[in-house]
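**Q** Sequence isn't available, so here's the structure alone:
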């Protein structure tokens, strides 16, 4: 900056260098002016105030207006315009009808710790709440929900599941319990059922109605007259002795016995004659 002054009164021709103001640039800018810069003609701060002050000359402290405020804004008419940063444990709350004031961090923030400018919970939310400030309630059936979406990450009871914990586990699950996210039975199936969610019935021809949880094949074999992995094939009896039907065997035995008795009776009759 040129350091030329008028010869008559000694007033500075081109204004003052940074940090000074007045006709002869004899006055220092207010100490709280940002960058120590003020207008040469009236000494008002050119770029605003240092943190914690407001007003045209940045002479007023923000904490006079709000004890928890560490920084505030100056309005166009050079007045207090509300807090924009607070001490630890507080945040600028926009919910106030007039100027933004510092409010306590939400009690739903873990350890009640939040960002001092935005109020965002720093350590996350306590169980049952979600949102940036943990101000929203999870579904009643959620034990924990996602901080951003509110979708359930765990359910309050092992018999329900789904992103909103509003689905019921299959009644064929052991104790009716299933995985909260997939609905897959956690403890297996009740006797007579199989599949991840135990939707499928074991074959009625499985011995003891017991089958493999994944495949449905009969683990203890089949009931009488059925065969195959799932005991769905009716056993066919052939002519070989090892495949003869028990019923056929009885018929043959009875027939032979009748013939023997008949022959014996006939013999006795002939002899007596």
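**A** In hand now; what should we look at? Please read all numbers here as calculations on a predicted model, not as lab measurements. Numbers count the residues shown, from 1 in each chain.
**Q** any chance you could map the strands in the stretch 51-200 of the chain?
**A** For the stretch 51-200 of the chain, strands defined by DSSP state E, counting those that start in this stretch occupy the ranges 53-54, 60-61, 69-74, 80-86, 90-93, 101-104, 129-130, 136-137, 142-145, 152-155, 160-161, 167-168, 193-194, 200-201.
**Q** Make a markdown table out of the ones you listed and add distance to residue 231 and mean pLDDT.
**A** Every residue, glycine included, has its C-beta placed from N, CA and C. As requested, those are arranged in a markdown table below (distance: least, Cβ to Cβ, whole Å; pLDDT from 0 to 100):
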| stretch | distance to residue 231 | mean pLDDT |
| --- | --- | --- |
| strand 53-54 | 86 | 96 |
| strand 60-61 | 88 | 95 |
| strand 69-74 | 78 | 92 |
| strand 80-86 | 73 | 91 |
| strand 90-93 | 68 | 92 |
| strand 101-104 | 69 | 92 |
| strand 129-130 | 51 | 93 |
| strand 136-137 | 52 | 93 |
| strand 142-145 | 43 | 89 |
| strand 152-155 | 38 | 92 |
| strand 160-161 | 32 | 96 |
| strand 167-168 | 31 | 96 |
| strand 193-194 | 13 | 96 |
| strand 200-201 | 13 | 94 |
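**Q** out of those, nearest to residue 46?
**A** Closest to residue 46 of the strands of the stretch 51-200 of the chain is strand 69-74 (Cβ to Cβ; 12.5 Å).
**Q** other SSEs contacting that closest one?
**A** In terms of contacts (3 or more Cβ pairs under 8 Å, 6 or more residues apart in numbering; DSSP states H and E), strand 69-74 is packed against strand 53-54, helix 62-65, strand 80-86.
**Q** Run the chain-centre distance for the longest one.
**A** Averaging C-alpha coordinates over strand 80-86 and over its chain gives two centres that are 34 Å apart (Cα atoms, centre = their mean, to the nearest Å).
**Q** Strand partners (parallel or antiparallel) of that strand?
**A** Paired strands of strand 80-86, with direction, are strand 69-74 (antiparallel) (DSSP bridges).
**Q** how does the protein divide into domains?
**A** Listed by automatic domain parsing, the domain ranges of the chain are 1-48, 202-238.
**Q** Confidence-wise, which of those is weakest overall?
**A** Considering the domains of the chain one by one, the lowest average pLDDT is found for domain 1-48, at a mean of 84.
**Q** ok so, going back, need the domains of the chain in CSV (columns: distance to residue 153 and mean neighbour count).
**A** Below are the domains of the chain laid out as CSV (distance: least, Cβ to Cβ, whole Å; neighbours: other Cβ atoms under 10 Å):
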stretch, distance to residue 153, mean neighbour count
domain 1-48, 44, 15
domain 202-238, 27, 16
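**Q** Now for residue 45: which residues touch it?
**A** Neighbouring residues of residue 45 by Cβ atoms under 8 Å, 6 or more residues apart in numbering: 29, 30, 32, 33, 34, 37, 38, 39, 56, 57, 58.
**Q** these two touch, right, the last one and residue 50?
**A** It refers to residue 58. Yes: the pair residue 58 and residue 50 passes the contact test of Cβ atoms under 8 Å, sitting 6.6 Å apart.
**Q** Neighbour count for those two, which is higher?
**A** Shown here are residue 58 and residue 50; by other Cβ atoms under 10 Å, residue 58 has more neighbours (23 against 15).
**Q** now that one: how far from residue 80?
**A** Counting by Cβ to Cβ, to the nearest Å, the gap from residue 58 to residue 80 is 12 Å.
**Q** cool, residue 202 as well?
**A** Taking Cβ to Cβ, one finds residue 202 at 77 Å from residue 80.
**Q** Could you do residue 167 as well?
**A** Using Cβ to Cβ, residue 167 is found at 54 Å from residue 80.
**Q** And the two? Which one has more around it.
**A** The residue with more neighbours, out of residue 167 and residue 80, is residue 80; 18 against 14, by other Cβ under 10 Å.
**Q** and that one, what does it touch?
**A** Residue 80 is in contact with 54, 55, 60, 62, 65, 72, 74, 99, counting by Cβ under 8 Å, 6+ apart.
**Q** same deal with residue 26?
**A** Contacts of residue 26 (Cβ under 8 Å, 6+ apart): residue 20.
**Q** follow-up on the earlier one: single out the most deeply packed of the helices and strands packed on strand 69-74.
**A** strand 53-54 (a mean of 26; mean count of other Cβ atoms under 10 Å).
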